[in-house]
Each structure stands twice: as structure tokens, then as C-alpha cells.
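Undergrad: Need a 3D model of the following:
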Amino acid sequence: MENGPEPDHPPIKLYRSIPFPGQGITTETILAKFRVYLPDRPGSLACFASHIGQAGGNISFFHYDRSVDSSRVVVEVQFNNQKSLQELLSSLDKEQFQFDQSGATKDDVLVTTVDSVLEIKVRLANKPGTLAAFARLLAGHDANVIFMLYDEDIDAEAADIAMATGDPQEIDALLQAINEQGCHYRVVYRGSSEQEAANIIGLKMVEKFLLRLKKLLPSSDLAEIKSLVKSSRDLQQDLTNFAAEAGKDLEAGDVFETVLTFASQSRSSINEKFKASVMGPLRFPDRVSLWGFRLPTSENFYLFQDNDDLTMIDAGHGIYYDDIKKLIAQQGMDPSKVRRIYVTHPDTDHAGSAGYFEREFGTAVFMHPGSAEVMSHMNRAHGSSGSLLNLNKYYTRLSVRFTECRFPEQPQYFATDGLSMTGGFRTIDCFKIGTLDFEVLESHGGHTPGLVFYLNRAFGLLFTSDFLLNVKSLTPEDKEHLGIYRYLLTSPNKDSRVYKEETAALRKMMIDMDAELKKKGRGAFIFPGHGAYYGADELLDL
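TA: Predicted coordinates:
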């Protein structure tokens, strides 16, 4: 029978038990169920459980999941009388334990190596003080509990506990100490694989993300990203929200996490670690040249040189900005002469540096007007609906932060009235680079809002952004990080069905254009957003 909380009590539920035959409890038995907030550090559980044991309380339910809340514990305790309960509450009050959460808890990063993680199912005697003694043993080996579930109604003598030690070598000593204490246990998980660790209960999204990065990044780079995450509460919250949304669509979440991991890797590829591939130059009449550059995380930007005048197509991640300027200078060109940037779409790996050029050199940045909503709402799927809308929002916010994206503040937008149709796409605008004429073809929206293709008919040049990628030219690392085959087929696209239809239309358009140009002794070329550029005749083999 439930009684409401008495005056001055914390928010607890009190039950005075009614005895049943053979139950072995008296009418004086009191059950108290409440929340308490503990510091997220070794020893907190031992201190809390000791107070319960000293008050003569016996725990019948205990739940703590650090991945949900770093501090919150939900506990149900049996007492023989009201006095014992009051004694516990008084002692917890003296220790300044909180019964209400006061502000957001800090999302500390504790686990950065799977070797420090241990999950066991342990048998503990169902009597007062048992959990306290076991918790003191864990604290003695600097083991911090990251998950614990004990429910007397499920198994009165079994608890599931996941923990992380400060020193991975301490796990052997801890298991030996558990043996010596006479506790029977079964190891559910002991740090051995990154993939398994990603599924361990109690790990925070930040830690799961760092563990995923660990196999890709040197420890020094991992430390830099860890510092970035810890310094930003917004970033921590976005990672948490991203994890929640990814869990609603596992396939999509896996692809986005792969691409997000790839974006974060850009932070380890700057300055002295920056390496880029140079493609070209291709020469055109009237001293116009075209250069292609593949950046460390596989995205391309292209640079037209018309005497001293430079025009870029796409701009790469923002974190590469200084390295991009050096790269241009190494080819004998002045980056301050980049007068225009034509962006294919507002993903961070294509638009991230555009705002830096605009701010430093007054570079004009041209985009589809659909990009404006993506940039202002920080959601690459803005305007769409469905289960992936929020996932795209948190993905976009995280990618912007990790790659230091700077969208242009005053972009110039293409007209969208539509001039004609080309290969099933609307030609919405046009521009010149030197003597080369380009048409702006509007995407149907399969990949992201605000995406366009740039076509020069005379020489058969098509800049395709994230369509018709040259998969064969990508390294195994590029393919792993991009999740390339799924990238082509599923969830990074706003509408996968439309994306595949667009891909087929572009393929046919360029095969037909290549055939016509072959009659003039030329051929058409594809300039994708990832991978090397290639002749359109290779489309016949794809």
C-alpha cells in the first residue's frame, strides 16, 4: 500500500508492505524507491551503498546507466522501520547527495580504449551491505561503474555490472580480487574489439564515437578531438541526439556515423600532415587551364585559371582552408585571385571553405537558393519530412563543428526560372569562365536540397558533385570512411529513389554527349566530387 512522501522528504515513493503467506516479511517492512545523483567517478557507488548498509537497508532494485545520465541512480531499498529510512536520508543529506538534478551534468569522456572496459554478471548475497562491500572493492581498483542493473524480482542474487578502469592492466587484478572475495561471476565482455565496445551498455555517445575514431587516428589527434568535444556542451548534446536519432533507423545511422567519422578525420590531416593529389592541368583555348585537387578526405575541388583570374568549383572542408591556399600557391597561382566559387551543394566537404575565401578575399560565392535554408537551419535535409529529418540535422551540426565549416555570409544565388531542359534536368542559369560557357543544371533533389551540376557542352565537361563518383579511383580507406556503396544507394541521400533516377539520367546524357563529341575528335569528361575525373566512355563499364 503506497503512502505519499512525508513532509521534508526528498521525492521518494514509500510503500508499507503487506505480508503474504511464506513471504517472511513483517508489516513494518518499508520499501523506499527514489532517485539520487552521484558524482561520475570511482568510489561514488561505494559511498552511497555504504550509507544504505549502515542504515540497515537492503537493496531490492538498483539501476544506473551512465550513457543516459552520468549521475542518476534509481534505487529501491527495504527497511525494517521508519527510523532506518530517516537515518539513511539524514546521512545522505550530510554527504550532500542530490535528490533533484541541479542543472545539466557534465558529459565527461572517461573511456577512450576498449582495453579498460569490463562487463560481468556477478552473484552477490541478498543481504544488507553486500553491494557496498563489492563497490568498495571496485573503487580500490579505480574501477568506475558505467552500468549496473540489479532487480530482486528477476534474480535476488545476480547483478549486471559494466565498468571502466583507469589502467587497463588493473582488470586482471580486479578479477583476481573478486575471486578472492568469493564472488562468482561470468565475464560478459572484456575489451577486445572496437565493434563490440561500441555496443557496451553504459558507454556514452561521445565515447563510442571516439572509440570508432581510434582505429583511424593517431593518439595525438584523438586527444585533440576529445578536447574539442569536452569543451563544447552543444557538441556533446548533438552527439547524444545524433545517437538517439540513429537508433531509430539503424542502416541510416551507420552510414551517417561512417561519414561523420570521415569528416572528423579531416582534423588529423592539416598543416604538416596535409597531403593532396593534384590532377591536371587540362588546357583549353585562350590560356584557360583546369586543375583538380583531391583533399586528404577524398573530396575534390577544381580550379580554373584564366591568366591571373581564378575560379573554383567547390571548396573542400573548412579546416583545410590554410592548406588549400598553400596548395594553390605551390602550383604558381595566387589564392587571393580566387574571384568566384561555384558550389555544387551545401554539404560541408563541398562548401566548407567558401566562407573563408569570401571573408578574406571578397570572393563571390554562387549557389542554388535552396542552399540558403540548409545553411540557416543547419540541416542538409531541410524541407523534407520523415524519420531521417532530425538525424540529418544533428549530422549537419556535428559535421560543421568537426570540420570548421564556414558557409558564405552573402552568397549569390542562381536564377531558378528555367531556361531549357538538358538530359531531363532544368537549365536554370549560366555563367562564363574565361571563354568557356557553363550551364547550371538543377538537381531533382535526390541527394540534398540546393544541388546543381555544371555543364560545358563544347568540351563535354560535367561537374557532378556526389553523383557518378569514380569509385575505382578511391583508396580502400576512402571507401571505408565514405561507406561508398551505401553512400551511392541509401541514406545520405534525401530521396534514394530519386537519386538513382538522377544518376541514370546523368549517365545517359554523358554517354550520348561523348558519342557526339567523338565525331569531332573529342570526348566528354566527368568531374566528380570524390575520386579522379574520367572520360565519359568509362560509364559504359560502370
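Undergrad: tell me, how many neighbours does residue 83 end up with?
TA: For residue 83, the count of nearby residues is 12 (other CB atoms under 10 Å). In short, each C-beta sits where N, CA and C put it, glycine included.
Undergrad: Is it inside a helix or a strand, and which specific one?
TA: Element membership for residue 83, per DSSP states H and E: helix 82-94.
Undergrad: What helices and strands are in contact with that helix?
TA: strand 30-37, helix 44-54, strand 72-79 (3 or more CB pairs under 8 Å, 6 or more residues apart in numbering; DSSP states H and E).
Undergrad: Tabulate those in CSV, adding columns for mean neighbour count, distance to residue 190 and mean pLDDT.
TA: As requested, these are exported to CSV (neighbours: other CB atoms under 10 Å; distance: least, CB to CB, whole Å; pLDDT from 0 to 100):
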stretch, mean neighbour count, distance to residue 190, mean pLDDT
strand 30-37, 19, 29, 89
helix 44-54, 21, 20, 90
strand 72-79, 20, 25, 92
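Undergrad: Report the separation between residue 93 and residue 83.
TA: Residue 93 sits 16 Å away from residue 83, going by CB to CB, to the nearest Å.
Undergrad: Which among the helices and strands packed on helix 82-94 is found nearest to residue 468?
TA: Nearest of those to residue 468, taken as CB to CB: strand 72-79 at 50.1 Å.
Undergrad: Need the CA coordinates for that closest one. CSV is fine.
TA: Only the C-alpha atoms of strand 72-79 are listed here, as CSV (Å, rounded to 0.1, in the frame of the first residue of the first chain):
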residue,chain,number,x,y,z
ARG,A,72,21.4,9.5,-11.8
VAL,A,73,20.8,6.3,-9.8
VAL,A,74,17.3,4.8,-9.3
VAL,A,75,17.2,2.6,-6.2
GLU,A,76,14.6,0.7,-4.1
VAL,A,77,15.6,-0.2,-0.5
GLN,A,78,13.9,-2.3,2.1
PHE,A,79,13.9,-1.1,5.7
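Undergrad: Run through who's touching it.
TA: For strand 72-79, contacts defined as CB atoms under 8 Å, 6 or more residues apart in numbering pick out 25, 29-38, 45, 48, 52, 55-64, 85, 88, 101.
Undergrad: Same check on stretch 153-169?
TA: For stretch 153-169, using CB under 8 Å, 6+ apart, the contacting residues are 42, 60-62, 110-111, 113, 115-126, 131, 138, 141-150, 171, 174, 188-189, 191, 200-202.
Undergrad: which ones among these are found in helices?
TA: When DSSP state H is applied, the contacts of stretch 153-169 are split such that 131, 138, 171, 174 fall in helices.
Undergrad: May I ask which of these has the most neighbours?
TA: residue 131 (27 neighbours).
Undergrad: With adjacent residues omitted, what lies nearest to that one?
TA: Distances taken as CB to CB, 6 or more residues apart in numbering put residue 49 closest to residue 131, at 4.5 Å, once the chain neighbours are dropped.
Undergrad: Could you list which residues are in contact with the one you found?
TA: 59, 131, 132, 135.
Undergrad: Would you mind putting those into a markdown table with distance to residue 301 and pLDDT alongside?
TA: Formatted as a markdown table, the contacts of residue 49 follow (distance: CB to CB, whole Å; pLDDT from 0 to 100):
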| residue | distance to residue 301 | pLDDT |
| --- | --- | --- |
| 59 | 60 | 93 |
| 131 | 59 | 89 |
| 132 | 61 | 89 |
| 135 | 56 | 90 |
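Undergrad: which one among these gets closest to residue 428?
TA: residue 135 (66.1 Å).
Undergrad: That closest one: helix or strand, and which one exactly?
TA: helix 130-140.
Undergrad: Please apply the same query to residue 303.
TA: strand 300-306.
Undergrad: coming back round to it: right, and the helices and strands packed on helix 82-94 - which one's nearest residue 371?
TA: Nearest of the helices and strands packed on helix 82-94 (CB to CB): strand 72-79, 41.5 Å.
Undergrad: ok now that closest one, how far from the chain's centre?
TA: From the chain centre to the centre of strand 72-79 is a distance of 34 Å (CA atoms, centre = their mean, to the nearest Å).
Undergrad: Repeat that for stretch 302-315.
TA: Worked out by CA atoms, centre = their mean, stretch 302-315 lies 33 Å from the chain centre.
Undergrad: what pLDDT, on average, does stretch 337-351 get?
TA: Average pLDDT, stretch 337-351: 97.
Undergrad: what's the answer for stretch 276-285, then?
TA: 92.
Undergrad: Give me the buried positions along that stretch.
TA: Buried residues in stretch 276-285, counted by 16 or more other CB atoms under 10 Å: 276, 279, 282, 284.
Undergrad: now stretch 375-389
TA: 375, 378, 379, 380, 381, 382, 388.
Undergrad: my guess is the fourth one contacts residue 445, does it?
TA: No: contact status for residue 380 versus residue 445: not in contact, 11.6 Å apart, counting by CB atoms under 8 Å.
Undergrad: most residues in a single helix of this structure, which one?
TA: From DSSP H, the single longest helix across the chain is helix 496-518.
Undergrad: which residues in the stretch 251-400 of the chain form helices?
TA: If you assign secondary structure with DSSP state H, counting those that start in this stretch, the helices in the stretch 251-400 of the chain sit at 321-330, 348-351, 354-361, 370-377, 389-402.
Undergrad: quick one, which of those helices is packed in tightest?
TA: A comparison of those by mean neighbour count, using mean count of other CB atoms under 10 Å, puts helix 348-351 on top with a mean of 28.
Undergrad: If you count contacts, what does that one end up packed against?
TA: Against helix 348-351 (3+ CB pairs under 8 Å, 6+ apart) you get helix 389-402.
Undergrad: Within its sheet, name the partner strands of whichever helix or strand comes after the helix it packs on and how each one runs.
TA: Helices and strands here follow DSSP H and E; after helix 389-402, the next one along the chain is strand 412-413. Sheet pairing for strand 412-413, assigned by DSSP bridges, gives strand 364-367 (parallel).
Undergrad: which residues are in contact with the helix holding residue 135?
TA: Contacts for helix 130-140 (CB under 8 Å, 6+ apart): 42-43, 45-46, 48-50, 52-53, 59, 62, 122, 124, 144-145, 150, 159, 163, 174, 177-178, 181, 183.
Undergrad: rerun at 6 Å
TA: Contacts of helix 130-140 with the rest of the structure, by CB atoms under 6 Å, 6 or more residues apart in numbering, involve 42, 43, 45, 46, 49, 50, 53, 59, 124, 177.
Undergrad: ok, now stretch 173-180?
TA: With CB under 6 Å, 6+ apart, stretch 173-180 has contacts from 137, 141, 143, 185.
Undergrad: what's the distance between it and the middle of its chain?
TA: The mean C-alpha position of stretch 173-180 is separated from the chain mean by 37 Å, CA atoms, centre = their mean.
Undergrad: between the ones in helices among the contacts of stretch 153-169, which is nearest residue 474?
TA: For the ones in helices among the contacts of stretch 153-169, the nearest to residue 474 is residue 171 (39.3 Å; CB to CB).
Undergrad: That closest one and residue 204, how far apart?
TA: 20 Å.
Undergrad: Residue 161 too?
TA: In terms of CB to CB, residue 161 sits 17 Å off from residue 204.
Undergrad: Look at those two and report which has more neighbours.
TA: Legend: neighbour count by other CB under 10 Å for residue 161 and residue 204, higher for residue 161 (27 against 23).
Undergrad: can I assume the more buried one sits in a strand?
TA: Yes: Residue 161: assigned to a strand according to DSSP: H, G, I helix; E, B strand; the rest coil.
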